[in-house]
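Asks: No sequence on hand, only this structure:
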Ligand SMILES: [Zn+2]
């Protein structure tokens, strides 16, 4: 039952809430209209270039060892493969699916607030797809390629505000280039030597893309990455007019849902739910005024 698209479950904290996988759902496919999202983004960022309110420091310079463009190309190929696999299994939500439409509506509101965290995002062709699976899972690959699994929406009965917090969190991983940083670090420790040699011109470019795509399947983010994604995601969602308290109610639901599962490995690699909730609660006052501003504007 292990397939490449299910392997993405390891990419993020969210994804460690594993539930027995079984696939369902509808045929067809849909692609996010990135161009429209981008145009909206350009307008809004010109209107409000406020300074970041949450404090996450600057991104690690080590990530520069891996060219962003190369990684984004690899991610694009890998994403296309994941979507093609889901489609082949009849597990891709079709255009017009109400949950997919809801995700697109949320993305449309969040995207204008992304370039503030990474100027490259202005050029990204954002995509959002919904995959039929009982897993509590969602992710965003480098370059803005997003997937939600039906399990996370259905099982947690997410409100729009909570779904926006998840999307913001996943977007933040991509914007802060956590995958790029992980890959750069793996090169330094020798695990990515084949990639390093190829980047230096010792191999063929096609292989670089393939190797990186494979690495994307097995990456794990650090605790710090997760905290950063929580806070940056919170700010993005709040600027888009979603309630900051939803970040806390989301993780409470997540905690409750994971209560009966075997969490040992998850707890060893990720901040506990309680710490995570405390951190978010401490940051809500910093972004409250952004929510009020955004609400007025709607
Ligand atoms: Zn995460």
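Replies: Good, I have the coordinates. This one's a predicted model, so the numbers in the text were calculated from it and none came from an experiment.

Asks: any weak-confidence spans in this protein?
Replies: By pLDDT under 70, the low-scoring segments of the chain are 1-50, 60, 62, 187-218, 259-272, 298.

Asks: Whichever helix or strand residue 235 is part of packs against which elements?
Replies: For residue 235, the host element (DSSP states H and E) is helix 223-239. The helices and strands touching helix 223-239, judged by 3 or more CB pairs under 8 Å, 6 or more residues apart in numbering; DSSP states H and E, are helix 160-175, helix 178-188, helix 246-258, helix 273-297. The C-beta positions use only the backbone N, C-alpha and C, and glycine is treated the same way.

Asks: Could you say which one of the ones you listed comes nearest to residue 78?
Replies: helix 178-188 (10.7 Å; CB to CB).

Asks: That closest one - contacts with which helices or strands?
Replies: Packing contacts for helix 178-188, counted by 3+ CB pairs under 8 Å, 6+ apart, involve helix 68-88, helix 193-197, helix 205-218, helix 223-239.

Asks: buried residues in that helix?
Replies: The neighbour-count check on helix 178-188 (16 or more other CB atoms under 10 Å) flags 178, 179, 180, 181, 182, 183, 184, 185, 186, 187 as buried.

Asks: among those, which are within reach of the ion?
Replies: Taking CB under 5 Å from the ion as the test, the ion is in contact with none of these.

Asks: of those residues, closest to residue 247?
Replies: Among the buried residues of helix 178-188, and counting by CB to CB, the member closest to residue 247 is residue 178, at 18.5 Å.

Asks: What is the neighbour count of the residue lying closest to the closest one once chain neighbours are set aside?
Replies: Sequence neighbours aside, residue 225 is the residue nearest to residue 178 in space, at 4.4 Å (criterion: CB to CB, 6 or more residues apart in numbering). For residue 225, the tally of surrounding residues (other CB atoms under 10 Å) stands at 23.
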